[in-house]
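S.K.: Following is a predicted model, sequence given first.
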Amino acid sequence: MSASLVPPARTAGSSTPGSGTPVLAVHGLKRHFDGSGGSVKAVDGVSLTIMPGEVVGLVGESGSGKSTVGRCVVRLDRPTGGSVEINGRDITALSARELRPLRKDFHLVFQDPSSSLNPRMTIRQIIAEPLRLHGLANRAEASRRVDELLAQVGLRPEIADRNPHELSGGQRQRVSIARALSVAPDLLVADEPTSALDVSVQASVLNLLADLQRDRGFGCLFITHDLAAVEYLADRIAVMYLGRIVEQAPAAELFASPKHPYTQALLSAAPVPDPAEQRGRSRIVLGGDLPSPLDPPPGCHFHTRCPLATERCRTEAPELRTLPGTADSPAPRQVACHLVADDGTVPDAAKQAA
Ligand code: SF4
């Protein structure tokens, strides 16, 4: 998303995350792929929760494992370790048959709507299908719901009789969102929902998602590499690097004061709308590419690119520790770095990298 299309900060009217049972609780999630060359640890011990009405952003470079987390959450992929609970129910080991009635509680919006919508079905059939599969509406009710949903996602009713290829990319993603929300899920997993769209329509689809989330109050796992989008939409952000979460904090606090050197580098590279502020920032340039998850570096996975790495970092993996809140960062946050002190003090990676 370009900086000029960054929507205004989400404030008035934002839904407030609820309390009680999390809509999503992921504990120690692993997804290892075994092959002839060894085991690829795409996801290696990820834990996170999403409360009702809360939006959690999952960010990281391509190859960090964030999309695999999303696929495991909706059970398009089977975890090889750990557990996934939806509304307090462990779905990790359920069979496809046992899972079927629960599927109305969670839905995935894919990155590319062209590949996720059946080209032989009309838009009406596509949006009505989940209602029909879950026995939630007869034909007449489903048809009425489709008209309502099309209006809610900003599409004209005549689109209902067309096929996906007759729509633009932005319209197709709106159809995907309408389909996902047709059964009123408690959890929406949105995997890079705007990255396959033209820049000119990314902001409008993001705004639509934010409006629907605020109005309907569903929990959302928002997976993206777009920091402007996640700052706009998320209440809390988890940062992934090579299959692990390295930092997790309320969105405003993460952007105001990133603690992990990798988060500092990611944020320093993100464009900001104000040219004066942009000129005054020091960018942390990371050396090298993301290492292969087939052969991750020992110790802290980030040590091969970290400007602050010490000898200890090369041999000892840092734990994801919970730091107590402080005056300038009141909510507890989590960080996996040997150098971040318990009071949140952290060396400035930008100065070290300069
Ligand atoms: Fe860098 Fe060491 Fe912290 Fe890892 S543990 S992020 S290598 S300083």
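M.R.: All right, it came through fine.
S.K.: Strands of the stretch 1-150 of the chain, start to end?
M.R.: Secondary structure of the stretch 1-150 of the chain (DSSP state E, counting those that start in this stretch): strands at 24-35, 38-50, 55-59, 81-86, 89-90, 106-109.
S.K.: Return the most buried member of the ones you listed.
M.R.: Compared across the strands of the stretch 1-150 of the chain, strand 55-59 shows the largest average neighbour count, a mean of 26 (mean count of other C-beta atoms under 10 Å). For every residue, glycine as well, the C-beta is placed using N, CA and C.
S.K.: which neighbours does that one have in its sheet, and in what orientation?
M.R.: strand 219-224 (parallel), strand 236-241 (parallel) (DSSP bridges).
S.K.: could you give the angle of the first one to strand 24-35?
M.R.: With axes from the mean of the first three to the mean of the last three C-alpha atoms, to 10 degrees defining the directions, strand 219-224 sits at 40 degrees from strand 24-35.
S.K.: Need the CA coordinates for stretch 105-121. PDB is fine.
M.R.: C-alpha atoms of stretch 105-121 as PDB (Å, rounded to 0.1, in the frame of the first residue of the first chain):
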ATOM      1  CA  ASP A 105     -17.200 -19.900  13.500                       C
ATOM      2  CA  PHE A 106     -14.000 -19.100  11.500                       C
ATOM      3  CA  HIS A 107     -13.300 -18.100   8.000                       C
ATOM      4  CA  LEU A 108     -10.300 -17.200   5.900                       C
ATOM      5  CA  VAL A 109     -10.000 -14.400   3.300                       C
ATOM      6  CA  PHE A 110      -7.300 -15.300   0.900                       C
ATOM      7  CA  GLN A 111      -4.700 -13.000  -0.600                       C
ATOM      8  CA  ASP A 112      -5.800 -13.700  -4.200                       C
ATOM      9  CA  PRO A 113      -9.600 -13.600  -4.700                       C
ATOM     10  CA  SER A 114      -9.200 -14.900  -8.300                       C
ATOM     11  CA  SER A 115      -8.000 -18.300  -7.100                       C
ATOM     12  CA  SER A 116     -10.300 -18.600  -4.100                       C
ATOM     13  CA  LEU A 117     -13.700 -18.100  -5.900                       C
ATOM     14  CA  ASN A 118     -15.100 -20.900  -8.000                       C
ATOM     15  CA  PRO A 119     -15.100 -19.600 -11.600                       C
ATOM     16  CA  ARG A 120     -18.100 -21.700 -12.600                       C
ATOM     17  CA  MET A 121     -20.400 -20.300  -9.900                       C
END
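S.K.: Please work out which residues outside that stretch touch it.
M.R.: Applying C-beta atoms under 8 Å, 6 or more residues apart in numbering, the external contacts of stretch 105-121 come out as 24, 70-71, 73-74, 76, 86-87, 126, 129-130, 163-165, 169, 172-173, 175-177, 179-181, 183, 185-193, 195-196.
S.K.: how much space is there between the residue lying closest to E231 once chain neighbours are set aside and the ligand?
M.R.: When the adjacent residues along the chain are set aside, E231 lies closest to F255, with 5.7 Å between them (C-beta to C-beta, 6 or more residues apart in numbering). Using C-beta to the nearest ligand atom, to the nearest Å, we find F255 at a distance of 19 Å from the ligand.
S.K.: In which helix or strand does F255 reside?
M.R.: Using DSSP states H and E, F255 maps to helix 251-256.
S.K.: pLDDT averaged over that helix - what is it?
M.R.: Averaging pLDDT along helix 251-256 yields 93.
S.K.: so what's the residue of the stretch 1-150 of the chain found nearest the ligand closest to, chain neighbours aside?
M.R.: Of all residues in the stretch 1-150 of the chain, G60 sits closest to the ligand, with a separation of 14.0 Å (C-beta to the nearest ligand atom). Distance criterion C-beta to C-beta, 6+ apart; nearest residue to G60, sequence neighbours excluded, is M240 at 3.6 Å.
S.K.: what comes up buried for the following helix or strand past the helix holding F255?
M.R.: Reading on from helix 251-256 to the C-terminus, the next helix or strand found by DSSP H and E is helix 261-269. Residues of helix 261-269 classed as buried under the neighbour-count rule (16 or more other C-beta atoms under 10 Å) are P261, Y262, T263, Q264, A265, L266, L267, S268.
S.K.: All set, thanks.
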